[in-house]
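Trainee: Predicted model and sequence follow; I will ask about them next.
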Amino acid sequence: MSATGIGSEVAPDVVYQSHVRVDARAGGIKLISLPGESEPVTMGMHGPIAKHYKLAEGAYTPHASTLDFVVGAAAGCMTGTLGRALAQSNIPVGDGRLQVEAYGEIAAEDGVLFIRRIRVLAHLKAEASKREQADRIIAQYAMKCPVYRSLYKSIEITTELDFQPINPA
């Protein structure tokens, strides 16, 4: 831990600095160069977001928005963290046993769109005897997720478990 902090909180040491490059294009398109990726990722807007900004159909090329990418990053990271926690507890997650959906609720305030809530729905197929263990993991895994931990004070993020019992093989 660092010896410097804000107020009474001690600031953790920086272990990595992400460097991202953005190339702004016409029509709200952004080409985002991310670490570890050989090609830029395209971000833009689509239906409801374009409508919010009063863009006519055909005036833009639909792409996932930056808000969609934040929801996706949260869901992706939380899925990885949940998958590791389940696997460590001998609950297999491969072969389609763990599938996750995320729903980002996008609201507007003062004309600015923002993510109000992210609802994560984890579909887990496992032996019926693993239900209680899976419930305990769902209740506590999120704080181990880097993206959740980065966002949870600003965005309400919840996880629900859709447990689907299977017979032991």
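Mentor: All right, it came through fine.
Trainee: show me where this structure has strands.
Mentor: Per DSSP state E, the chain carries strands over the ranges 5-6, 9-10, 21-24, 30-33, 41-43, 98-109, 112-127, 156-166.
Trainee: Determine which stretch of the ones you listed is the most buried.
Mentor: Comparing the strands of the chain on average neighbours per residue, with mean count of other C-beta atoms under 10 Å, the densest one is strand 112-127 at a mean of 18. (C-beta placed from N, C-alpha, C; glycine too.)
Trainee: By mean pLDDT, flag the weakest helix or strand of the chain.
Mentor: Between all helices and strands in the chain, the lowest mean by mean pLDDT, DSSP states H and E belongs to strand 5-6, at a mean of 52.
Trainee: returning to what we had before: looking at the strands of the chain, which has the lowest confidence?
Mentor: Per-segment confidence across these bottoms out at strand 5-6, which has a mean of 52 in mean pLDDT.
Trainee: closest to residue 136 out of the strands of the chain?
Mentor: With C-beta to C-beta, the closest approach to residue 136 among those belongs to strand 156-166: 10.5 Å.
Trainee: CA atoms only: put that closest one into CSV for me.
Mentor: Below are the C-alpha coordinates for strand 156-166, written out as CSV (Å, rounded to 0.1, in the frame of the first residue of the first chain):
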residue,chain,number,x,y,z
GLU,A,156,-25.7,-0.4,-9.0
ILE,A,157,-24.5,-3.9,-10.1
THR,A,158,-26.5,-7.0,-9.1
THR,A,159,-26.1,-10.7,-9.8
GLU,A,160,-28.9,-13.2,-9.9
LEU,A,161,-28.4,-16.9,-10.1
ASP,A,162,-30.6,-19.1,-12.4
PHE,A,163,-29.6,-22.5,-11.0
GLN,A,164,-30.5,-25.4,-13.3
PRO,A,165,-30.0,-28.7,-11.5
ILE,A,166,-28.6,-31.6,-13.5
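Trainee: the domain parsing of the chain - what is it?
Mentor: When the chain is parsed with automatic domain parsing, its domains come out as 5-52, 66-166.
Trainee: mind checking the end-to-end distance for the last one?
Mentor: With C-alpha to C-alpha, to the nearest Å as the measure, domain 66-166 spans 38 Å from end to end.
Trainee: Show me the residue at the heart of this protein, geometrically.
Mentor: In the chain, the C-alpha nearest the mean C-alpha coordinate belongs to residue 74, at 1.3 Å (C-alpha atoms, centre = their mean).
Trainee: which one's the longest helix in this protein?
Mentor: The helix of greatest length in the chain, counted in residues with DSSP state H as the criterion, is given as helix 66-88.
Trainee: Remind me what it packs against, helices and strands.
Mentor: strand 41-43, strand 98-109, strand 112-127, helix 131-140, helix 146-151, strand 156-166 (3 or more C-beta pairs under 8 Å, 6 or more residues apart in numbering; DSSP states H and E).
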